[in-house]
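Trainee: sequence first, then the predicted structure, then my questions.
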Amino acid sequence: MTRDWVVVCAGPVAWFCAHVACWMLAPGAHEAGRLGGLYLVDLAALVISILAGVLALGRVRALRDVPLADRRDQRARFLAVSGLALSALSILLIVGLTLPILLLSPGAEP
């Protein structure tokens, strides 16, 4: 059950850490800074979110055949599905966080 909570929280925490780290590492306006750190932070957050999604999917598949008679099984299934949904949302948010870095060159602000 503790592992389920880690899987539920891993994706959103990775996105939040990437969001804050990218804000701190971003070059100033009209400066041509290095983007390697930004790419590395986003890639690490993406890998963590994908790994959390894979673990949540494995847990959902393992709990698929378990009857929902017990409350513990219901909670475990809810946590697994929630972890899968939050990981998918985190992956989308990380991709959205990375797109401006990929599409715009630094220092090209209007």
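Mentor: On my side now, so go ahead. No experiment lies behind these values; they were computed from the predicted model shown. Residues are numbered from 1 along each chain as shown.
Trainee: longest helix anywhere in this structure?
Mentor: With secondary structure taken from DSSP state H, the chain has its longest helix at helix 71-103.
Trainee: assign the residue located most distally from the centre of the chain to helix, strand or coil.
Mentor: Residue farthest from the centre of the chain, counting by C-alpha atoms, centre = their mean, is residue 69 at 32.1 Å. Under the three-state scheme (DSSP: H, G, I helix; E, B strand; the rest coil), residue 69 adopts coil.
Trainee: and the pLDDT for it?
Mentor: Note for residue 69: predicted pLDDT of 80.
Trainee: and what of the one 4 residues further on?
Mentor: Model confidence at residue 73, expressed as pLDDT, equals 83.
Trainee: how much space separates it from residue 87?
Mentor: Relative to residue 87, residue 73 is positioned 21 Å away (C-beta to C-beta, to the nearest Å). Glycine gets a C-beta too; all of them are placed from N, C-alpha and C.
Trainee: who has more neighbours, these two?
Mentor: residue 87 (27 against 13; other C-beta atoms under 10 Å).
Trainee: what sits closest to that one if chain neighbours are left out?
Mentor: Nearest residue to residue 87, sequence neighbours excluded (C-beta to C-beta, 6 or more residues apart in numbering): residue 53, at 3.4 Å.
Trainee: what does residue 89 give?
Mentor: The nearest residue in space to residue 89 (C-beta to C-beta, 6+ apart) is residue 11, at 7.3 Å.
Trainee: tally of neighbours for that neighbour?
Mentor: Residue 11 - counted by other C-beta under 10 Å - has 29 other residues nearby.
Trainee: host element of it?
Mentor: Assigned by DSSP states H and E, residue 11 belongs to helix 2-25.
Trainee: surely residue 94 and residue 48 touch.
Mentor: No. Under the criterion of C-beta atoms under 8 Å, residue 94 lies out of contact with residue 48, with a separation of 9.2 Å.
Trainee: common neighbours of the two, please.
Mentor: Residues touching both residue 94 and residue 48 (C-beta atoms under 8 Å, 6 or more residues apart in numbering): residue 14.
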